[in-house]
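In: Sequence and predicted structure are below.
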Amino acid sequence: MLRNEKLKSLKKSLNNLTEEVVLEMLDEMLQREEFNDVCKDEDCLLDMASYALNRLPAKYVATSKGEVFSKTEELEQQHSVDVLSVVTRAIKVVSENKHHNT
Ligand SMILES: [Zn+2]
């Protein structure tokens, strides 16, 4: 089981910066008036994030170095347009998908 524990530890140290960018963008977008009526429970937020993350390139760094790189403007600028359009689409697709009663 050492092998599994080691792999689990390695997995924890892998950090996808795109996740941070998408979650921040999602949070920001959902505060807009046009999305007032959109369900913002955890299920829907996770669906939106998953939708967006499946359509954007991952940007992995090891956690120890991640702190240094996480705020690099390069990443934000390079993907900001893509992230904006994909997150907007994610909100619309998920909010139109009546998977639960609100
Ligand atoms: Zn919901």
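Out: Arrived safely. Numbering: from 1, shown residues only.

In: near the ion, which residues of this protein show up?
Out: Cys39, Asp41, Cys44 (CB under 5 Å from the ion). Bear in mind the C-beta positions are built from the backbone N, C-alpha and C, glycine included.

In: Give the buried subset of the residues you listed as a ChimeraX selection command.
Out: The buried residues among the residues of the chain next to the ion can be selected in ChimeraX (16 or more other CB atoms under 10 Å) with this line:
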select :39,44
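
In: out of the residues of the chain next to the ion, who's nearest Pro57?
Out: Relative to Pro57, the closest of the residues of the chain next to the ion is Cys44; by CB to CB it sits at 23.8 Å.

In: pretty sure the closest one contacts Lys98?
Out: No: between Cys44 and Lys98 there is no contact under CB atoms under 8 Å: 10.8 Å.

In: which ones are touching Val83?
Out: Thr18, Val21, Val22, Met25, Ala52, Leu56 (CB atoms under 8 Å, 6 or more residues apart in numbering).

In: what separates the nearest residue to the second one once chain neighbours are set aside from Glu24, distance-wise?
Out: This points to Val21. Leaving aside its sequence neighbours, Val21 sits nearest to Val83 (CB to CB, 6 or more residues apart in numbering; 5.7 Å). Per CB to CB, to the nearest Å, Val83 is found 9 Å from Glu24.

In: Check the average confidence over the lengthiest helix in the chain, would you?
Out: The longest helix of the chain (DSSP state H) is helix 73-96. Averaging pLDDT along helix 73-96 gives 82.

In: can you tell me the average pLDDT over the helix or strand hosting Asn4?
Out: Element membership for Asn4 (DSSP states H and E) is helix 2-13. Helix 2-13 shows an average pLDDT of 84 in the prediction.

In: Show me what the helix or strand following it is packed up against.
Out: Next along the chain after helix 2-13, taking DSSP H and E as the criterion, comes strand 14-16. For strand 14-16, the elements it packs on are strand 60-62, helix 63-69, judged by 3 or more CB pairs under 8 Å, 6 or more residues apart in numbering; DSSP states H and E.

In: Any idea which of those has the lowest pLDDT on average?
Out: Among those, helix 63-69 has the lowest mean pLDDT, at a mean of 57.

In: Please name every helix or strand in contact with the helix holding Asn4.
Out: If you count contacts as 3+ CB pairs under 8 Å, 6+ apart, helix 2-13 packs onto helix 63-69.
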